[in-house]
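Novice: This is a predicted model, with the sequence first.
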Amino acid sequence: MDTIFIREFRVDAWVGIYEWEIQRAQTLELDIEIGIPDAKPGTSDAIGDTVHYGKVVERVISELKDRKFNLLEALAEHVCGVITNDFRAPWVRLSVAKLGHIRNVRRVGVTLERKRA
Ligand SMILES: Nc1nc2c(c(=O)[nH]1)N=C([C@H](O)[C@@H](O)CO)CN2
């Protein structure tokens with residue numbers, strides 16, 4: 001499957017189980033791969049035949065602005081749902097990382113892969 005990628009996408013979000021995380025938003029780093037149906041946009045050359053990556057970035061920022069999650073898994077599930085349902089992507093792989101949370105570890109997080117139902 002052809003894919004679109006969005007890498008090292010930094011976004012502020014409310015996520016975590018500890019008091020300091022509940023009190024303030026933190027910056028996460030997302031890597032997103034989005035399946036696109038087939039080679040159609042390569043031949044049609046039309047933005048309407050593909051997923052507009054700029055719109056995905058805007059939408060993810062707005063989805064995470066005011067929602068609160070305990071777990072990265074739940075946040076990632078929500079974002080995968082938006083991409084498969086609202087952007088009609090057949091497949092998505094999303095990694096979400098917290099930065100500098102654990103000594104000696106630059107990033108910790110989760111990766112989810114989902115297909116459109
Ligand atoms: N599998 C997970 N483990 C942990 C998560 C999580 O979202 N998924 N979250 C935390 C805390 O919020 C932590 O990141 C604070 O530093 C711990 N483990």
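Specialist: Sure thing, it's come through. Numbering: from 1, shown residues only.

Novice: What residues does the nearest residue to Ala117 once chain neighbours are set aside make contact with?
Specialist: Nearest residue to Ala117, sequence neighbours excluded (C-beta to C-beta, 6 or more residues apart in numbering): Thr84, at 7.5 Å. C-beta here means a position set from N, CA and C on the backbone, and glycine is covered the same way. Contacts for Thr84 (C-beta atoms under 8 Å, 6 or more residues apart in numbering) come out as Pro90, Trp91, Val92, Arg114, Lys115, Arg116, Ala117.

Novice: repeat that with 7 Å
Specialist: Val92, Arg114, Arg116 (C-beta atoms under 7 Å, 6 or more residues apart in numbering).

Novice: So which bits of this structure are right by the ligand?
Specialist: Residues of the chain that fall close to the ligand, judged by C-beta under 6 Å from any ligand atom: Gly16, Ile17, Tyr18, Glu21, Leu71, Leu72, Glu73, Lys98, His101.

Novice: thinking again about what came up before, where helices are concerned, which of the contacts of Thr84 count?
Specialist: Using DSSP state H, no member of the contacts of Thr84 falls in helices.

Novice: Highest neighbour count among the residues you listed?
Specialist: When the contacts of Thr84 are compared by neighbour count (other C-beta atoms under 10 Å), Val92 ends up highest, at 26 neighbours.

Novice: Excluding chain neighbours, give the residue nearest to that residue in space.
Specialist: Ile83 (4.6 Å).

Novice: right, and the secondary structure at that neighbour would be what?
Specialist: Following DSSP: H, G, I helix; E, B strand; the rest coil, Ile83 is assigned to helix.

Novice: Let me see the confidence value for it.
Specialist: With respect to pLDDT, Ile83 has a value of 98.

Novice: my read: it touches Glu33, true?
Specialist: No: assessed by C-beta atoms under 7 Å, Ile83 is found out of contact with Glu33, at 10.0 Å.
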